[in-house]
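In: I would like the atomic coordinates for the input below:
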Amino acid sequence: MNQNPTLQRYNLLSQLFHWLVVALIIGLIVTNTLHQGAPDPSDLRVSSIKLHISLGILLFLVTIARILWTRISPQPALIDGPQWTLAAARLTHLALNLATLLIPIFGYLRVVSKGRVAEFFGTPIPSIIGESPWLNDMMHILHGEPMEIFLYVLVGLHVAAALWHQYVRRDGSLERMLPWGGRSA
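Out: Take a look at the predicted model:
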């Protein structure tokens with residue numbers, strides 16, 4: 001990360017990337033819940049999984065753009081604190097970035113390894129592997145309930161840390177990622 005200790009806030013594009021990822025993850029949770037709850041077969045089941053796949057691919061693309069942006073754009077340094085909290089913050093951010101890259105890849109592989117076509121808002125994405133039952137079985141784990149729980153834990157840790165900084169430490173950390181936040185850390 002291209003850190004600049006004199007910066008107090010994340011720039012507007014960094015904030016936009018952050019909140020877009022949040023919105024996409026919420027959209028993925030909603031579409032997955034709709035898909036799982038819809039009767040089979042139904043239009044709702046089909047449309048929700050198509051939207052889920054499209055949002056997942058979009059999340060992958062946004063995450064790549066976000067990572068590239070953090071490499072070329074100055075970012076504020078982490079808020080001062082004990083070394084273990086700084087290490088935990090770095091590890092959690094790394095895990096969140098990896099999750100938002102890998103989970104969509106696993107989802108794509110889950111779809112195409114079953115011999116189906118993955119679509120990005122109606123545009124077919126070519127399969128790189130074709131039907132592969134053993135890979136599909138593996139992707140049910142890597143893009144299934146265990147990974148879903150792992151993502152919830154990561155997001156929960158991130159949100160808990162943000163709330164801890166905001167309401168316990170009162171160090172202005174959350175305002176650094178809000179477009180309307182005016183307080184500096």
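In: so which elements touch the helix or strand encompassing residue 16?
Out: The secondary structure element spanning residue 16 is helix 12-37 (assigned by DSSP states H and E). Where contact means 3 or more Cβ pairs under 8 Å, 6 or more residues apart in numbering; DSSP states H and E, helix 12-37 is packed against helix 43-72, helix 145-164. For the C-beta atoms, the positions are set from N, CA and C on the backbone; glycine is no exception.
In: how far off centre is that helix?
Out: For helix 12-37, the separation from the chain centroid amounts to 7 Å (computed by Cα atoms, centre = their mean, to the nearest Å).
In: just want the angle from it to helix 145-164.
Out: For helix 12-37 and helix 145-164, the angle between their directions (axes from the mean of the first three to the mean of the last three Cα atoms, to 10 degrees) works out to 140 degrees.
In: which stretch of helix or strand covers the residue nearest the centre of the chain?
Out: The central residue of the chain, meaning the one whose C-alpha is nearest the mean C-alpha position (Cα atoms, centre = their mean), is residue 100 at 3.8 Å. Taking DSSP H and E as the definition, one finds residue 100 inside helix 83-112.
In: same check on residue 79?
Out: Once you assign secondary structure using DSSP H and E, residue 79 falls outside every helix and strand.
In: hmm, it is touching residue 173, no?
Out: Yes: with contact defined as Cβ atoms under 8 Å, residue 79 counts as touching residue 173 (4.9 Å).
In: which one of those two has more residues nearby?
Out: residue 173 (22 against 15; other Cβ atoms under 10 Å).
In: the residue nearest to that one when sequence neighbours are not counted: neighbour count?
Out: Counting by Cβ to Cβ, 6 or more residues apart in numbering, the nearest residue to residue 173 once its immediate chain neighbours are dropped is residue 165, at 3.6 Å. By other Cβ under 10 Å, the residues close to residue 165 number 21.
In: confirm for me that residue 165 is in contact with residue 79.
Out: Yes: the pair residue 165 / residue 79 is scored as a contact, 6.5 Å apart, by Cβ under 8 Å.
In: the bottom helix or strand of the chain by mean pLDDT?
Out: strand 3-4 (a mean of 73; mean pLDDT, DSSP states H and E).
In: go through the helix holding residue 100 and flag the buried ones.
Out: Of all the residues in helix 83-112, those buried under the rule 16 or more other Cβ atoms under 10 Å are 85, 89, 92, 95-97, 99-100, 103-104, 106-112.
In: in the helix or strand just after it, which residues are buried?
Out: Counting by DSSP H and E, the element after helix 83-112 in chain order, helix or strand, is strand 118-120. Of the residues in strand 118-120, those scored as buried under the neighbour-count criterion (16+ other Cβ under 10 Å) are 118, 120.
In: who's in contact with strand 118-120?
Out: Outside strand 118-120, the residues within contact range by Cβ atoms under 8 Å, 6 or more residues apart in numbering are 50, 53, 54, 57, 58, 108, 111, 112, 124, 125, 127.
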